[in-house]
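1. only the shape, not the letters, is given here:
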């Protein structure tokens with residue numbers, strides 16, 4: 001059967017949507033129904049670092065990208081909404097470096113193979129923002145309490161959904177829907193751990209449903225910087 005470009009894209013989207021998580025799902029305990037959802041969010045926010053530098057392994061697959069495996073070095077300032085990320089190949093050679101702030105990309109470099117795949121820098125910037133920034137809902141978000149999770153929905157030309165779960169009330173998933181309710185992307189957070197008095201994430205999966213690829217991040221080393 002001949003595969004048309006549209007069919008190839010559709011198959012990529014289905015593949016991303018159907019992939020299982022590379023991390024083991026934790027066994028969730030029932031949420032405390034007496035908990036104040038907004039206080040829970042504030043407690044969670046207070047545990048997160050305002051600034052950090054981190055070394056990760058990063059894998060991008062499949063969709064519009066061939067499989068890309070890198071060692072990622074990211075330095076982020078959450079308050080100032082700026083970050084720099086550098087990707088190294090297994091030989092230690094730089095294949096991309098991107099810096100951005102809240103106004104957009106301020107510096108970008110990518111080897112020819114990546115630069116030829118559309119606006120690679122912009123795609124990475126958008127993904128990093130989805131993962132590391134705006135990780136708590138606004139006070140105006142609609143709250144839905146369930147047995148094993150508390151959901152916060154923010155409506156703004158679509159919907160951003162934040163899902164908190166576990167006895168400590170940590171963010172476990174973040175999703176974005178368009179105006180018609182179709183899922184555009186989702187981020188899941190796994191294996192939380194403490195370092196230097198702050199809470200970090202050992203594993204992250206971003207599924208870009210719209211563009212048809214998955215980004216898997218595994219933490220290797222983290223440091224807080226001043």
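-> Structure's in. What do you need? All values reported here derive from a predicted model rather than from experimental measurement.
2. ok, now which ones touch the closest residue to residue 161 other than its chain neighbours?
-> Nearest residue to residue 161, sequence neighbours excluded (C-beta to C-beta, 6 or more residues apart in numbering): residue 175, at 4.4 Å. The way it works is simple: take the backbone N, C-alpha and C, and place the C-beta from them, glycine included. Neighbouring residues of residue 175 by C-beta atoms under 8 Å, 6 or more residues apart in numbering: 160-161, 163, 183, 185-187.
3. pLDDT value on the residue most central in space within the chain, please?
-> Residue closest to the average C-alpha location in the chain (C-alpha atoms, centre = their mean): residue 131, at 2.7 Å. On the pLDDT scale, residue 131 is placed at 96.
4. check which helix or strand covers it.
-> Assigned by DSSP states H and E, residue 131 belongs to helix 120-132.
5. tell me which other helices or strands that helix touches.
-> strand 68-77, strand 82-88, strand 94-101, strand 104-110, strand 183-195, strand 198-208 (3 or more C-beta pairs under 8 Å, 6 or more residues apart in numbering; DSSP states H and E).
6. tabulate these (CSV), appending mean neighbour count.
-> As requested, these are arranged in CSV below (neighbours: other C-beta atoms under 10 Å):
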stretch, mean neighbour count
strand 68-77, 18
strand 82-88, 20
strand 94-101, 18
strand 104-110, 14
strand 183-195, 17
strand 198-208, 20
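7. pLDDT below threshold where in this structure?
-> Within the chain, the stretches with pLDDT under 70 are 1-20, 62-65, 117-118, 224-226.
8. report the two of the contacts of residue 175 separated the most.
-> 163 and 185 (14.1 Å; C-beta to C-beta).
9. ok, residue 126 - contacts?
-> Applying C-beta under 8 Å, 6+ apart, no residues contact residue 126.
10. if I look at it, how far off is residue 133?
-> 11 Å (C-beta to C-beta, to the nearest Å).
11. secondary structure class for residue 39?
-> helix (DSSP: H, G, I helix; E, B strand; the rest coil).
12. likewise for residue 23?
-> Going by three-state DSSP: residue 23 is coil.
13. so it touches residue 192, yeah?
-> No. Look at residue 23 against residue 192 with C-beta atoms under 8 Å: they stay out of range, at 11.4 Å.
14. counting neighbours, what do you get for residue 122?
-> 14 (other C-beta atoms under 10 Å).
15. my guess is it meets residue 110, correct?
-> No. Judged on C-beta under 8 Å, residue 122 makes no contact with residue 110 at a distance of 11.1 Å.
16. now the common contact residues for these two.
-> If you check residue 122 and residue 110 against C-beta under 8 Å, 6+ apart, no residue is contacted by both.
17. quick check: residue 34 is in a strand.
-> No. Counting by three-state DSSP, residue 34 is located in no strand; its state is coil.
18. and the gap between it and residue 116?
-> Computed as C-beta to C-beta, the residue 34 to residue 116 distance reads 55 Å.
19. you'd agree residue 75 is up against residue 53?
-> Yes. At 4.4 Å, residue 75 counts as touching residue 53 under the criterion of C-beta under 8 Å.
20. beta-bridge partners for the nearest residue to residue 24 once chain neighbours are set aside, please?
-> Nearest non-adjacent residue to residue 24, counting by C-beta to C-beta, 6+ apart: residue 190, 7.9 Å away. On the basis of DSSP bridges, residue 190 is bridged to residue 203.
21. which ones are touching residue 190?
-> Residue 190 makes contacts with 21, 23-24, 26, 201-205, as judged by C-beta under 8 Å, 6+ apart.
22. check residue 57 too.
-> By C-beta under 8 Å, 6+ apart, the neighbours of residue 57 are 69-72, 217-218, 220.
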